[in-house]
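Student: below is the sequence, then the predicted model.
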Amino acid sequence: MSTYLVRRLVQSIVVIVGVVFITFILVHMLPGGPARAALGPKATPQGVAHFNHVNGLDQPLWRQFLSYFGQLLHGNLGFSYVQNQSVASLVGENLPRDVLLVGSAYVLALAIAIPLGLFQALRRNHFSDYAFTGLTFILYSMPSFLVGFLLIAVFSVQLQIFPSAAPSGSSIASILGDPRALVLPVVTLSAISIAAFSRYMRSAALENLALDYIRTARAKGASTSGVVLRHLLRNSLLPIVTLVGLSLPTVVAGALVTEEVFNFPGMGLLFFKSAQVQDYPVLIGFSLFVGIATVVGNLFADVAYGVLDPRVRLVAQPS
Amino acid sequence: MMDDTLRDRTPATGAPESLAPAEGEAASRQGNWRAFLRVFLDNRLATAGLILVVAMLLFCFAGPLFYHTQQTKTDLLAQTLPPSHAHPLGTDSYGFDLLGRLMLGGQSSLEVGLASAFLATVFGALYGAISGYAGGALDSAMMRIVDMLLAIPTLVLLLVISAIFRPDLVTLIVIIAALSWLVTARLVRGEALALRDREYVQAVRLMGGKRWRIVMRHIVPNSIGVIVVNATFQVADAILLLAVLSFLGLGLPPPAASWGGILSDGLNYLYDGYWWLIYPAGLAIVLTVVSFNFIGDALRDSLDVRLRGR
């Protein structure tokens, strides 16, 4: 187990360095360059040259990468070209809002999807199973911005129950002070996750239903609810634990489309706006955080699976 | 998504065998094919999906032969007209006839969906098969590349690539394929890892079969179940991704049309009550994507031997 963990950690570090490197190359391939974007269309050539010199953009790419990476090792993520803030403080400002939005969407999705999937598996091929399958597939097949706008059309324009814009406050406290404004974005985000999660839950429960231990429990005379809750639910939750781990990066990356629809200031919009003005440090910093979250989420999913399911042995074989 | 780490996942009861028929007799293969078809057609949702996809293809590609509209010149006097005899679905904000526009937009949406799924599947399957069959350092290196690309947020790749290249049909196909081959590669690599130790593959190797031949003739064909199921879902995801790109303003610029473009343009008029700008395009996207998802789901069920006859 410990050799496995060490191996995985080394792999993870390689992956993260690779992510930073690839993103670095990618953003420097963007046409135009940050100087034009930051200084505006009326920038003089001298101004552009000065901007490039101050920010080290006139150096060869490999040297820029080395100096960026050196700063990174010292924990310095750089300073935004456009917003008068360091990347660390920008992330520190936007990330908690996303954790709130995406996190509560996941909690809501899990709370609905787990019982739903279990129910569908138990009623396999009955009318209710077909109905919910159809419904979840339709939800899953809707572009997320359409879900958001339909919710706005119904609950905001027609019924006027919930506001169509996300909470405008910048701090977590002020967002929580107006929880009604969070309802529509959270529901939009969870709609698609409900579809995916309940599907996994249903097939996991179906697979487990066919196994001998369920029959044994039944034969021993355990009640239906006992078998479902004590055996079926517990064993079918394994793939969901994995899914939760793999969903971690989206908590960090935010949900650009939902943020755009509801004008919710999160990581997705931060990245989108920074991409339009080619704010290199923000773009690379964003990728770094999401990359770390991806790797950590994967690691969590695998280790959790190994801990929860004794049949899985985590081996440190060369992959 | 974690196949390269949980190598030893042996279920208590018999492990799911590979999806393709193990015994190669013609008779049993035909029986398998029939069983496959029966399970597939038994699934009413999948049959409905198949019919819907064919209907959509006819609507988009054969429709314009019967319903002529001009879709190149904007007509500012005919903006956002409600449905009437002349325009069964009204006109959009450029004055284009919406029914004709839906056909045109469907063409590009379906073309992008099918072509990028095809491209991603071919590349991903080959990449995965080679990586899994080769094993060792090459496999390790190839899979770390996949890990890295998967760890880069989709958003970053999407925005950067579409900022560098001007969006047209071919670029969008390549961009979406470039984002979606990774999952196929991982899945097929998992299959290849299991297949390379099978007796018949070892036999070919002992007989001196070339590596390329083993990959092409044995690894890829025997993973075809996983590949086809995944390809079906890729089509659905690609159509959705194209719609999202249009919403973010990175889709096909006018006069070219796509369902996502029509839809996100229509959503600007959400408060004006111009329902014909929103619901037909939204319905077209959802119906098509849901059909492909139904088909993929049924394919997976009918290829899973364990679920047959239940």
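Tutor: Done, it's in. Numbers count the residues shown, from 1 in each chain, chains lettered A, B, ... in the order given.
Student: burial check on the closest residue to chain A within the stretch 1-150 of chain B, number of neighbours?
Tutor: With C-beta to the nearest C-beta as the measure, B:Met148 is the residue of the stretch 1-150 of chain B nearest to chain A, at 3.9 Å. Quick note: C-beta positions are derived from backbone N, CA and C, even for glycine. Residues lying near B:Met148 (other C-beta atoms under 10 Å in any protein chain shown) number 23.
Student: please apply the same query to A:Met142.
Tutor: For A:Met142, the count of nearby residues is 23 (other C-beta under 10 Å).
Student: separation between the residue nearest to it when sequence neighbours are not counted and B:Pro280?
Tutor: Excluding its sequence neighbours, the residue lying closest to A:Met142 (C-beta to C-beta, 6 or more residues apart in numbering or on different chains) is B:Val286, at 5.4 Å. According to C-beta to C-beta, to the nearest Å, B:Val286 stands 11 Å off from B:Pro280.
Student: what parts of the stretch 1-150 of chain A come near chain B?
Tutor: Residues of the stretch 1-150 of chain A that fall close to chain B, judged by C-beta under 8 Å from any C-beta of the partner chain: A:8, A:11, A:14-16, A:18-19, A:22-23, A:26-27, A:29-31, A:130, A:133-134, A:137-138, A:140-146, A:149-150.
Student: start to end distance for stretch B:71-82?
Tutor: 18 Å (C-alpha to C-alpha, to the nearest Å).
Student: specify the local secondary structure of the residue of the stretch 1-150 of chain B closest to chain A.
Tutor: Under DSSP: H, G, I helix; E, B strand; the rest coil, the three-state class of B:Met148 is helix.
Student: and what of B:Thr232?
Tutor: Secondary structure of B:Thr232, per three-state DSSP, is helix.
Student: what residue of chain B is the furthest out?
Tutor: No residue in chain B sits farther from the centre than B:Leu77, which is 39.1 Å out by C-alpha atoms, centre = their mean.
Student: and it, what pLDDT?
Tutor: Per-residue confidence (pLDDT) for B:Leu77: 70.
Student: what about the chain, any weak spots by pLDDT?
Tutor: Going with chain A. Along chain A, segments meeting pLDDT under 70 span A:1, A:37, A:41, A:166-177, A:312-319.
Student: the chain in question should be chain B.
Tutor: Across chain B, residues meeting the criterion (pLDDT under 70) sit at B:1-32, B:40, B:78, B:80-81, B:95, B:304-310.
Student: for it, which segments count as strands?
Tutor: Along chain B, counting by DSSP state E, strands occupy B:8-9.
Student: in it, where's the longest helix?
Tutor: helix B:98-134 (DSSP state H).
Student: buried ones only from the residues of the stretch 1-150 of chain A next to chain B, please, as a ChimeraX command.
Tutor: Here is the ChimeraX command that picks out the buried ones among the residues of the stretch 1-150 of chain A next to chain B, judged by 16 or more other C-beta atoms under 10 Å in any protein chain shown:
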select /A:8,11,15,16,18,19,22,23,26,27,30,130,133,137,140,141,142,143,144,145,146,149,150
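Student: quick one, what contacts the most centrally placed residue in chain B?
Tutor: Nearest residue to the geometric centre of chain B (C-alpha atoms, centre = their mean): B:Val235, 1.7 Å. Residues counted as contacts of B:Val235 (C-beta atoms under 8 Å, 6 or more residues apart in numbering or on different chains) are B:113-114, B:117, B:292.
Student: enumerate the residues of the stretch 151-300 of chain B near chain A.
Tutor: So the stretch 151-300 of chain B meets chain A at B:151-153, B:155-157, B:159-160, B:163-164, B:236, B:240, B:243-244, B:247-248, B:260, B:263-264, B:267, B:270-271, B:278, B:282, B:285-286, B:289-290, B:293-294, B:297 (C-beta under 8 Å from any C-beta).
Student: show me which of these are buried.
Tutor: Buried by 16+ other C-beta under 10 Å: B:151-153, B:155-157, B:159-160, B:163, B:236, B:240, B:243-244, B:247-248, B:260, B:263-264, B:267, B:270, B:278, B:282, B:285-286, B:289-290, B:293-294, B:297, out of these.
Student: out of the residues you listed, which sit inside helices?
Tutor: B:151, B:155-157, B:159-160, B:163, B:236, B:240, B:243-244, B:247, B:260, B:263-264, B:282, B:285-286, B:289-290, B:293-294, B:297.
Student: in stretch A:211-227, what counts as buried?
Tutor: Applying a neighbour-count criterion of 16+ other C-beta under 10 Å, one finds A:214, A:217, A:227 buried in stretch A:211-227.
Student: perfect, I'm done here.
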